[in-house]
Structure formats: C-alpha cells, structure tokens
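Novice: got a predicted model here, sequence first, then my questions.
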Amino acid sequence: MENREHIKVENLSVYYGDNQVLKNVSISIPDRKITAIIGPSGCGKTTLLRCFNRLVDTVDGIRVTGKVLVDGDDIFHPEQDVTAIRKKMGLLSQRPFPLPMSIYENVAYGPRIHGTRNKKELDAIVEKYLKVANIWEELKDRLNEPASRLSIGQQQRLCLARGLAVEPEIILADEPTSALDPVSSRNIEERFLELKNRYTIVMVTHILRQAKRLADYVIFVYLGELIEHGPSKDIFENPKEKITKEYIKGVIS
Amino acid sequence: MKRLEERLFKVLMLLSAGVVMSSLLLIIGTVVVKGLPALSLDMITKAPGGGYYLGGGGGVLNAIVGSLLLAGGASVVSVLFGIPVALYMNVYCPRDSKLASMVRMSLDVLCGVPSIVYGAFGFAIMLVLGVKASLLGGIIAVSLLIMPTMIRAIDEVIRLVPPELMEASYSVGANRLETVFKVVVRQTMPGIISAVLLGFGRGIGDAASVLFTTGFTDRISFSLLEPVATLPLAIFFQLGTPLPEVQQRAYASAFILTVIILVLSLSARFLVSRYAKHTVR
C-alpha cells in the first residue's frame, strides 16, 4: 500500500513549435500524497502539470512525445477519452475562474454534465462539496448569487468545490495561492492537508516555504529538465544536485 | 509654449465632441419640431386610409408593423448564422487559422458594401428562388446586410473570453460543445445582445435594401409571402409628395422610428445589465 504510484510519466517531452519545453521527463507520483513541483518560472512546471489532464491539447502547435500513465492507462493514447481523464482530476488554476453562473450552478456544473439531473441529488452534492471546501457556512444563503461577486479567496475555494464535485481522484493545482491574500492562502493549504488522505494532490508552486509546509514528495524542474525528485525531507535537507542546492538556498530563483 | 499646445488641443478635442453631440441634437430636434405637430394617435394606430398621401386620414401602422417584422426576422436569421460562425472562428479554429482570418476579412469587406447592393443582390436571389417582393424577400436582403456587422461584433466579444475560463470547464470533463454553449455563450451574452441590437438598428433604418425586395402596401400584413410596408420607405414616399402636411407626416414617421430605436436601446441595456452580473472578468 505504501507509495503506490498513481501517475507515472515515461520519457515525456513537450515541444512548442521548435522549442522543447520539457525534456525527456520520467517520474512517478505517489498516491494520496501531496507532490510539489518546484522550480523557477518558465521552466516547464505548469506544462508538466497540464500534461496530466491533457489541457496541453488546447494549446495550438504543441507536440507531446512519451507516455503519461494514470492508474496504468496511457492518457495520450489516441483512443483515450479525454473527458474521462479530466473528470478524474480536479484543477485549481493560478487565478480562480468561476464559471459565469450562480454559486450553486458552478458546483452543479460538472455533475450535470456527467448526467446527474435529480434536483435533490444535486443539492446534496453542492452542499457536500461546499462543506469540504470550507465555504458552506459563508455561502449557504447566497447560493443563487453570481459567483463573480465572491471575493477572490472565496472564488478559489468555490473552484475547489467545483472540481471535487465530479469526484476526481487527483487534484491538480497550479500555484493555487499565488493570487490570494495570506488568510485565503492558508485556508487553501489547510484544505489540501485535509484532502490528502483521500486524493492524490499535485501542486506547482514557486513558493519554497509552501512546498516545505505541504509536500510529502518534491519534484525539482529546471529549464525543462527534471533535476531531482524525492521525499520532501531529502530534497530540502539533503539535495544531491548542485543546482537544487542553489535553488533551495536562494542563489538562483 | 508647451502649455499653449496642450490648451489648443484640449479646445480642439472639446470642439469635435461638441460637433458630434450637436449633430445628434440637431437631427433629433428637426425630427421633433417638424414631426410633432403631425403626430397623432391615428399615426400609430391606423393604416393609411384612402387618399392618405394626398392629406387624407390614417397613419403608418402598416409601416411600423412591417419594419418590426422585417428587422426582427432579419435579426433572428442573422443571429442564427452569426453565433455559430463567431464561435467556430474563435473556439474551433486554431489561433493563427488562415480560414478564420479570411472569414474576418470577408466580413470586414461586406461591412463596407453599400446597402443598395444588398438590395440588388437580394432581389437577384429572389428571382432565382421565385420569391416576389415580400416580407421574406426583405428578410433575405436585410439579413445579408446586417449579418457582417453582427458577426464581427459577436466575434470581438467571444475573442475576449479568457482561455482559462474554457479550461475551467474542460477540467471538470466538459467537452468543447458543452463548454461553448454553457460557458462561452453565457459569458458573452451581454455582448451578443448588444450585437443583435446593432444589427436590428441598422436593419430597421435601412431604406435601400428594402427598396426592391419588400414592395410596399397600405395594408397591415403579417404574411411572409406578401409585400409589407417599412418605415424608411414610408418616410421616403411621404417626403416625396408636394403637400406640406404629408411631408410633415414623414417627419412624424421619422420620429416614430427614432423612438422605436430608443426603446430598443434602453431595453437592451436593461437586458445587458441583467446578464452582465454573471460575466466573469
């Protein structure tokens, strides 16, 4: 049971036009742990994350080689159903993007698309996941208000609830607190610590202290290459590579 | 010296703004001053009676109804074509798509084509289809006229949808079609409403495109295959008579047309503000 791998990346390369943004990355991401992808800006962290739910597909002119296996399934296989992969993963982006509808509709959006029509069931789903995202108490009387009226911190927790409502197994987060104030950031971090018992969480962050606080496992990416990976403690206290050392010490950023 | 320059330009800019506003006021003023005396309840509740164009009794209800049906019909047709075209160009075509840029260029050229040409082209289509001068013929010509402007206006608002918003929808497992209809259209609804109004306004006010295509009638007609009257042509015919009291009615008709557009503008604004509260920025 210990450290079952949930996502396995094999020789993954991503090209954007002639530019290779990820170079032959191979890695395993453990089940029900928080894995942090760290590294300087523009080094392919986000691209790596976006390969996991194939959001890279939506970018024109991108080419992917290699494999990403989720529960052993090659998700880039031509016959793979993209929506099924994406349903397995919730996504939190840098800036929360609520959908242009009410708070209730935002959470119900995913389940509706996947066929839940029953009003009672939807009500229950909305309540359950707003509670998980720790926002139910604030919003239970405002469910019909436009989601765009919420504060940015509330929006991010709403987006978390929206992602969880389709019952994914994995949460992907791309610098989920970078647009938030410290209190809201902390709220999101606490949610992650609660959720890691049930979900595999992969987060991109360039805040080293955040990675230190949350991560069980750390992946260091530099200029498109996977430099080092391992349990959080090893990477932070005893990095093997010189460049990792420099990054963690703050010599490069 | 610099200060003087600054002042000079400020005055020039104010002057230009003044010219724009005063021309609007002058137009509305002319229409109101010349038209108001002839405006009566009969004008908006009755069709022309016998000898109307010689000063006899009646009104222009035939043209009011005709114009609303025509511009309404053409707006519906245009939006049914316009939304898919705009969505296709933005969501389905790659960002540097040759097809999309060709379509955009064609639309821009079409926006500049004079409306009389759409009238003549619509007429040619009617000949081919065997449709005589009628509401249907008018709807065809006016749709062609307003479609380019409408599509480009919708295109511009859809282009502004943040890609992250669509990604948010994809990431819960929605496919492209679901994302387009449930998220993109909702997000751009205020812009779509404005675009439709823009088209409607252009359609209801245009005389040249309906000249050969709708015909004219003094009856109030709702049939697609019968000729209908339109306000621009009613204005044209009334102004063309030598009788001052009939000419005055032309101004009254122009006033009615202006009020219709004003009412529509205001209701569209109301609708826009209702939908805009959901828009994500």
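Specialist: On my side now, so go ahead. These numbers were taken from a predicted model, which means no experiment stands behind them.
Novice: show me where chain A has strands.
Specialist: A:5-16, A:19-30, A:34-38, A:62-70, A:73-74, A:89-92, A:170-174, A:200-204, A:217-222, A:225-231 (DSSP state E).
Novice: need the residues that contact the first one.
Specialist: Which is strand A:5-16. Identification of contacts with strand A:5-16 by C-beta atoms under 8 Å, 6 or more residues apart in numbering or on different chains yields A:20-32, A:44, A:47-48, A:51-52, A:56, A:59, A:61-72, A:169-170, A:200, A:202. Yep, even glycine has a C-beta here, placed from its N, CA and C like the rest.
Novice: just the helices in the chain please.
Specialist: Assuming you mean chain A. Secondary structure of chain A (DSSP state H): helices located at A:45-52, A:82-87, A:103-113, A:119-132, A:136-139, A:152-164, A:182-195, A:208-214, A:232-237, A:242-249.
Novice: hmm, no, I was thinking of chain B.
Specialist: Going by DSSP H, chain B shows helices at B:2-35, B:41-45, B:61-87, B:98-112, B:115-129, B:135-159, B:163-170, B:176-179, B:185-205, B:208-211, B:231-239, B:244-276.
Novice: Serialize these to a markdown table and add fields for mean pLDDT.
Specialist: As requested, the helices of chain B are exported to a markdown table (pLDDT from 0 to 100):
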| stretch | mean pLDDT |
| --- | --- |
| helix B:2-35 | 93 |
| helix B:41-45 | 90 |
| helix B:61-87 | 96 |
| helix B:98-112 | 95 |
| helix B:115-129 | 93 |
| helix B:135-159 | 95 |
| helix B:163-170 | 93 |
| helix B:176-179 | 94 |
| helix B:185-205 | 93 |
| helix B:208-211 | 92 |
| helix B:231-239 | 93 |
| helix B:244-276 | 90 |
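Novice: tell me which parts of the stretch 151-253 of chain A are close to chain B?
Specialist: A:159, A:162-163, A:165-166, A:172 (C-beta under 8 Å from any C-beta of the partner chain).
Novice: can you rerun that using 10 Å?
Specialist: Residues of the stretch 151-253 of chain A lying close to chain B (C-beta under 10 Å from any C-beta of the partner chain) are A:155, A:159, A:162-166, A:168, A:172, A:174.
Novice: and which of the residues you listed is nearest chain B?
Specialist: When these are compared for distance to chain B (C-beta to the nearest C-beta), A:Val166 wins out at 5.0 Å.
Novice: what's the closest one in contact with, if anything?
Specialist: Contact analysis of A:Val166 by C-beta atoms under 10 Å, 6 or more residues apart in numbering or on different chains lists A:86-90, A:107, A:109-111, A:113-114, A:116, A:125, A:129, B:171-174.
Novice: tell me who's in contact with residue 102.
Specialist: Reading this off chain A. By C-beta under 10 Å, 6+ apart, the contact set of A:Ser102 is A:108, A:142-149, B:277-278.
Novice: let me see the confidence value for A:Lys3.
Specialist: For residue A:3 the amino acid is Asn, not Lys. A:Asn3 is assigned a predicted lDDT (pLDDT) of 62.
Novice: that older thread, which of the contacts of A:Ser102 count as buried?
Specialist: Buried by 16 or more other C-beta atoms under 10 Å in any protein chain shown: A:108, A:143, A:146-148, B:278, out of these.
Novice: determine which two of the residues you listed are furthest apart.
Specialist: Largest separation among the buried ones among the contacts of A:Ser102 by C-beta to C-beta: A:Ala108 and A:Ser148, giving 16.5 Å.
Novice: got CSV for the strands of chain A, with mean neighbour count too?
Specialist: Listed next are the strands of chain A as CSV, based on neighbours: other C-beta atoms under 10 Å in any protein chain shown:
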stretch, mean neighbour count
strand A:5-16, 17
strand A:19-30, 18
strand A:34-38, 27
strand A:62-70, 17
strand A:73-74, 14
strand A:89-92, 28
strand A:170-174, 24
strand A:200-204, 25
strand A:217-222, 24
strand A:225-231, 18
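Novice: can you tell me which of those comes nearest to B:Gly49?
Specialist: Comparing the strands of chain A against B:Gly49 with C-beta to C-beta, the closest turns out to be strand A:89-92 (68.5 Å).
Novice: for that closest one, what is the distance to the chain centroid?
Specialist: Once both centres are worked out by C-alpha atoms, centre = their mean, to the nearest Å, strand A:89-92 turns out to sit 5 Å from its chain's centre.
Novice: with stretch B:176-191 instead?
Specialist: Stretch B:176-191 sits 23 Å away from the centroid of its parent chain (C-alpha atoms, centre = their mean).
Novice: please identify the buried residues of that stretch?
Specialist: For stretch B:176-191, the buried set under the neighbour-count rule, 16+ other C-beta under 10 Å, comprises B:176, B:178-180, B:182-191.
Novice: out of those residues, what pair is the most spread apart?
Specialist: Maximum pairwise distance among the buried residues of stretch B:176-191 (C-beta to C-beta): 22.6 Å, between B:Arg176 and B:Pro190.
Novice: so who does the residue most central in space within chain A touch?
Specialist: Central residue of chain A (C-alpha atoms, centre = their mean): A:Leu172, 1.4 Å from the mean position. Residues touching A:Leu172, when contacts are defined by C-beta under 10 Å, 6+ apart, comprise A:7, A:49-50, A:52-53, A:55, A:86, A:89-93, A:163, A:200-204, B:171.
Novice: make CSV from the buried residues of stretch B:176-191 and add distance to A:Ser184 to it.
Specialist: Converted to CSV, the buried residues of stretch B:176-191 look like this (distance: C-beta to C-beta, whole Å):
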residue, distance to A:Ser184
B:Arg176, 32
B:Glu178, 30
B:Thr179, 27
B:Val180, 31
B:Lys182, 27
B:Val183, 24
B:Val184, 28
B:Val185, 31
B:Arg186, 26
B:Gln187, 24
B:Thr188, 29
B:Met189, 29
B:Pro190, 29
B:Gly191, 31
